[in-house]
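A.B. asks: Got a sequence here, can you build the structure:
(one chain, ligands or ions: 1)
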Amino acid sequence: MKILVVGANGQVGKHLVSLIQDSGKHKAKAMIRKEEQASYFETIGAETAIVDLEGEIEDIAKAAEGVDAIVFTAGSGPNTGADKTLMIDLDGAVKTIKAAEKAGVKRFIMVSSYDTTREAIQEAPESFAPYVVAKHYADEWLRGTALDYTIVHPGRLTNENGTAKVEIAREVEIGEVPREDVAHVLFGCIEADSTIGKEFQVVSGSADVKEALGKL
Ligand code: NAP
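C.D. replies: Residues are numbered from 1 along each chain as shown. Now for the predicted structure:
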């Protein structure tokens, strides 16, 4: 399979591109936003597409042409304001979903956040609420499409080394999960069609990723 990784230059994104490239059976296409980010991906043999998520749907659709799946793992990050949260985490995500439809790519895997329910919006501290709102409506939009989607809700991300051991269920107690392990889960979803139409929370645990996904 060829997989378009949107947000490939991000921390989860880089782990995922490496897993895809190292698999020997799939190929990653890294969607990045700056020319100077390309050489890293070229070195590991991944194709690149330079597209800013604040741009046109058409440009994202062009990047998605001919791929078999899209993983959205972009985000405006914690150091920008609510304006960028709206533009990337909501509008960028929905534009990527529309681009998938336009390009005829059915498989779509979304990196959401731990809890994107309406209750979570109401309970979020004021500074965090716009992010939860953005993720809530991006998830809602994806659920309303005919795409073969999976929505992954990770706990608090860390930069610890991955163990590929996780706890996965529709609801798990809040905890941490290394970004590398989120990448393992995303890779597992790419390979497991049984995750289509499903969404789940993930934190560190004791189950192998494949086994945990298989029990969903
Ligand atoms: P990250 O390192 O901040 O990566 C985000 C990526 O999005 C970056 O590569 C960034 O590009 C890209 N991006 C931002 N604006 C863009 C634009 N306008 N056009 C194209 N790309 C753009 O994030 P992460 O830590 O890997 O997290 C991945 C996902 O997990 C995010 O969706 C985040 O919301 C979600 N999440 C986070 C937590 C947490 O505890 N932090 C928990 C659950 C879920 P540049 O590299 O060019 O800046």
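A.B. asks: Can you name the residues of this protein sitting close to the ligand?
C.D. replies: 7, 9-13, 33-34, 52-54, 73-77, 88, 111, 113-114, 154, 156-157, 179 (Cβ under 6 Å from any ligand atom). All C-beta spots, glycine's among them, are computed from the backbone N, C-alpha and C.
A.B. asks: Tell me the buried residues within those residues.
C.D. replies: For the residues of the chain next to the ligand, a burial check counting by 16 or more other Cβ atoms under 10 Å picks out 7, 9-13, 33, 53, 73-76, 88, 111, 113-114, 154, 157, 179.
A.B. asks: Out of these, name the ones that lie in helices.
C.D. replies: Secondary structure assignment by DSSP state H places Gln11, Val12, Gly13, Arg179 of those in helices.
A.B. asks: And the residue of the chain found nearest the ligand, its phi and psi?
C.D. replies: Of all residues in the chain, Gly10 sits closest to the ligand, at 2.1 Å by Cβ to the nearest ligand atom. Main-chain torsions, Gly10, degrees, to the nearest 10: phi -80, psi 180.
A.B. asks: OK, contacts around Lys165?
C.D. replies: Contacts for Lys165 (Cβ atoms under 8 Å, 6 or more residues apart in numbering) come out as Asp181, Ser204, Gly205, Ser206, Ala207, Asp208, Val209.
A.B. asks: Could you find the closest non-adjacent residue to the fourth one?
C.D. replies: If you skip the residues right next to it in sequence, Ser206 has Lys165 as its closest partner in space, 5.5 Å away by Cβ to Cβ, 6 or more residues apart in numbering.
A.B. asks: go on, the first one?
C.D. replies: Nearest residue to Asp181 in three dimensions, chain neighbours excluded: Gly162, at 4.3 Å (Cβ to Cβ, 6+ apart).
A.B. asks: Tell me, how many residues neighbour that neighbour?
C.D. replies: Using other Cβ atoms under 10 Å, Gly162 is surrounded by 20 other residues.
A.B. asks: Local confidence estimate at it?
C.D. replies: For Gly162, the pLDDT comes out at 97.
A.B. asks: Thought Val177 was touching Leu157, still the case?
C.D. replies: Yes: if you go by Cβ atoms under 8 Å, Leu157 and Val177 touch, sitting 6.5 Å apart.
A.B. asks: circling back to that earlier point, please tell me how far the residue nearest to Asp181 sits from Glu123.
C.D. replies: Look at Gly162 and Glu123: by Cβ to Cβ, to the nearest Å, they are 30 Å apart.
A.B. asks: do Ser113 as well
C.D. replies: Distance from Ser113 to Glu123, by Cβ to Cβ: 13 Å.
A.B. asks: what's around Glu42, how many residues?
C.D. replies: Neighbour tally, Glu42, other Cβ under 10 Å: 11.
A.B. asks: so it is in which element?
C.D. replies: helix 38-43 (DSSP states H and E).
A.B. asks: tell me which residues of that helix are tucked away?
C.D. replies: By 16+ other Cβ under 10 Å, the buried positions in helix 38-43 come out as Ala38, Tyr40, Phe41.
A.B. asks: do stretch 63-70 as well
C.D. replies: Ala63, Ala64, Val67, Ala69, Ile70.
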